[in-house]
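*Asks:* sequence and predicted structure, then a few things I'm wondering about:
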Amino acid sequence: MIIRQILVTPVAFRDPPLLNAAGVHEPWALRTIVEVVTDEGLTGLGETYGDVRHLGKVRECAQALIGLDVRATNTMYARISTIVGDSSTGVTTKEKSIDRVLSPFEVACLDIRGKAAGVPIVDLLGGQVRDAVPYSAYLFYKWAGHPNQEPDRFGTALDESGIVEQASLLIKQYGFRSIKLKGGVFPPDQEVAATKALHAAFPELPLRLDPNAAWTVETSIRVGRELDGILQYLEDPTPGIPGMAEVAAAVPMPLATNMCVVTHEHLPPAIASRAIGVLLLDHHYWGGLVRSSHVATLCDTFGLAMSMHSNSHLGISLAAMTHLAAATPNLTFACDTHTPWQDGQDVIQPGALRFVDGAVPVPTGPGLGVELDRDALAHMNEQYEKCGILARDDTSYMQRFDPAFSARRSRW
Ligand code: GKR
Ligand code: MG
């Protein structure tokens, strides 16, 4: 199973104006699709970030993997490490940069290995512990549409009633049984009110709030105490491990993160200072599916619970996330996904992935269990070429409409 060819295709798809602490989503979200082809003619799929610097590294590394066996993950890691070197891909550490680049190749190679063995990827990760993976309704404050464009079908959500309405829409369509609200957009008291309104409207559904580190330690403690009995966990209220540790010691619910623990070197200090109770796994930056399972084992050892992080993504990622979550016994919280916001746009053929009562049944076909839709890939690549966006920049886009906007953390 020797790698003979790797195709790397950047794509763009429409994205609604979702608000967050960094600003607002631009009209197009970017991803990179990786296709690995072996000497036996098997093809595997991977999906990763679309920012141009990352895309450049993925392209460069693709060349270096030609000729390797699809099972040689350690050699792939070593080769990618040499190429990524100390050069920055816009992220914090060298290790994280390597893991981010390795991930789509690792997933594509597992896809091939699953196809060759006639088994789904979940079986290569230890076998499934759940038949379907629950996801949460991921709510965002949002504008009705992008400025100067028609409103989208999701409507406006700029206050409690808009947020409750959005939750109803997503829950009705997908059957979600958990809710996550993206905060860090309005002063905390407004977001506390929206969280309470969600709790009143859906008292039986677990709730999370994630302001992406927009609050000071003091604000985080105040909000955490006020939402006692309402939040399942509070995600990244404040920046950094020391700040999170201070908050964690003073609030009643566990703290979760996809910000202060994003690479191995963050784990020891976060565990020692009891900064987090929940780690949001994400195979896109933890080096693929197998390395993510190792992180899950570490979390189990140290008593951390697990959920899963997402960014705007397509179906190859959703399939990979579902296989990983289905094979991870201690990933017991519903995972995050941006899938509803992509509103049917995809690079995979329809049918393999669906939501049943808020959960995605684990695809049963070999490998990832999804097939590329070549026409859709070509169309989304054309969109990429035309859209004029080379890297996600929520802050600059927001500043076009609100020049005084600042993404400063902690803002409140
Ligand atoms: O899509 O705006 C967004 C989210 O805020 C995303 O960028 C975050 O990485 O979903 C993520 C999170 O949980 O922090
Ligand atoms: Mg988060």
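*Replies:* That came in fine, so what should we check first? Ligands and ions are numbered 1, 2, ... in the order given.
*Asks:* quick one: the host helix or strand of residue 83 to chain centroid distance?
*Replies:* Using DSSP states H and E, residue 83 sits within helix 73-84. When distances are taken as CA atoms, centre = their mean, to the nearest Å, helix 73-84 is centred 23 Å away from the chain's centroid.
*Asks:* and the contacts of that helix?
*Replies:* Contacting residues not belonging to helix 73-84 are listed as 57, 60-61, 64-65, 68, 94, 97-98, 101-102, 105-106, 109, 287-288, 290 [CB atoms under 8 Å, 6 or more residues apart in numbering]. Bear in mind the C-beta positions are built from the backbone N, C-alpha and C, glycine included.
*Asks:* change it to 10 Å
*Replies:* With contact meaning CB atoms under 10 Å, 6 or more residues apart in numbering, helix 73-84 is reached by 3, 57-58, 60-65, 68-70, 72, 94-102, 105-106, 109-110, 287-288, 290-291.
*Asks:* and if you look at stretch 392-401?
*Replies:* In contact with stretch 392-401 (CB under 10 Å, 6+ apart) are residues 15, 17-30, 49-51, 90, 143, 146-147, 311-312, 389, 405-407.
*Asks:* please tell me how far the residue of the chain found nearest ligand 1 sits from ligand 2.
*Replies:* Closest approach between the chain and ligand 1, counting by CB to the nearest ligand atom: residue 20, at 3.8 Å. Using CB to the ion, to the nearest Å, residue 20 is found at 9 Å from ligand 2.
*Asks:* just to revisit the earlier point, buried residues, the helix holding residue 83. List them.
*Replies:* By neighbour count on 16 or more other CB atoms under 10 Å, the buried set for helix 73-84 is 73, 76-77, 79-81, 84.
*Asks:* pick out the lowest-pLDDT one from the residues you listed.
*Replies:* Of all the buried residues of helix 73-84, residue 84 has the smallest pLDDT value, namely 89.
*Asks:* select only the buried ones of the contacts of stretch 392-401 in ChimeraX?
*Replies:* Those of those that count as buried under 16+ other CB under 10 Å are selected in ChimeraX with:
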select :15,17,18,19,20,21,22,23,24,25,26,27,28,29,30,49,50,51,143,146,311,312,389,405,407
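*Asks:* now, the contacts of stretch 392-401 that are in strands?
*Replies:* With DSSP state E as the criterion, strands contain 19-20, 23-24, 28-30, 49 from among the contacts of stretch 392-401.
*Asks:* tell me the contacts of the residue of the chain closest to ligand 1?
*Replies:* With CB under 10 Å, 6+ apart, residue 20 has these contacts: 140-142, 182-185, 210-212, 214, 394-395, 398, 407.
*Asks:* switch to 7 Å and redo it
*Replies:* Neighbour list for residue 20: 182, 184-185, 212, 394 [criterion: CB atoms under 7 Å, 6 or more residues apart in numbering].
*Asks:* again with residue 33
*Replies:* Contacts of residue 33 by CB under 7 Å, 6+ apart are 9, 11, 47, 316, 347, 377.
*Asks:* what helix or strand does it sit in?
*Replies:* Counting by DSSP H and E, residue 33 is part of strand 28-38.
*Asks:* mean confidence (pLDDT) on that strand, please.
*Replies:* 98.
*Asks:* mind exporting the C-alpha coordinates of that strand to CSV?
*Replies:* Extracted as CSV, the C-alpha positions of strand 28-38 are listed here (Å, rounded to 0.1, in the frame of the first residue of the first chain):
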residue,chain,number,x,y,z
TRP,A,28,-17.0,32.0,2.7
ALA,A,29,-15.4,29.4,4.9
LEU,A,30,-12.2,27.6,3.6
ARG,A,31,-11.1,24.0,3.9
THR,A,32,-8.5,21.8,2.2
ILE,A,33,-9.4,18.4,0.8
VAL,A,34,-6.7,15.8,0.6
GLU,A,35,-6.9,12.7,-1.6
VAL,A,36,-4.2,10.0,-1.1
VAL,A,37,-3.9,7.4,-3.9
THR,A,38,-2.0,4.1,-3.6
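*Asks:* numbering from 24 from now on, please.
*Replies:* Sure, I'll start counting at 24 from here, so that last one is strand 51-61.
*Asks:* what lines up beside it in the sheet?
*Replies:* Sheet pairing of strand 51-61 (DSSP bridges) gives strand 26-37 (antiparallel), strand 66-72 (antiparallel).
*Asks:* nearest to residue 257 among the contacts of residue 56?
*Replies:* residue 70 (29.3 Å; CB to CB).
*Asks:* surely residue 211 meets residue 244?
*Replies:* No. Contact criterion CB atoms under 7 Å: residue 211 and residue 244 do not qualify, at 11.2 Å.
*Asks:* taking the contacts of residue 43 one by one, which sit in helices?
*Replies:* Cross-referencing these against helices under DSSP state H gives residue 417.
*Asks:* of the contacts of residue 43, which ones also sit close to ligand 2?
*Replies:* When CB under 5 Å from the ion is applied, no member of these is adjacent to ligand 2.
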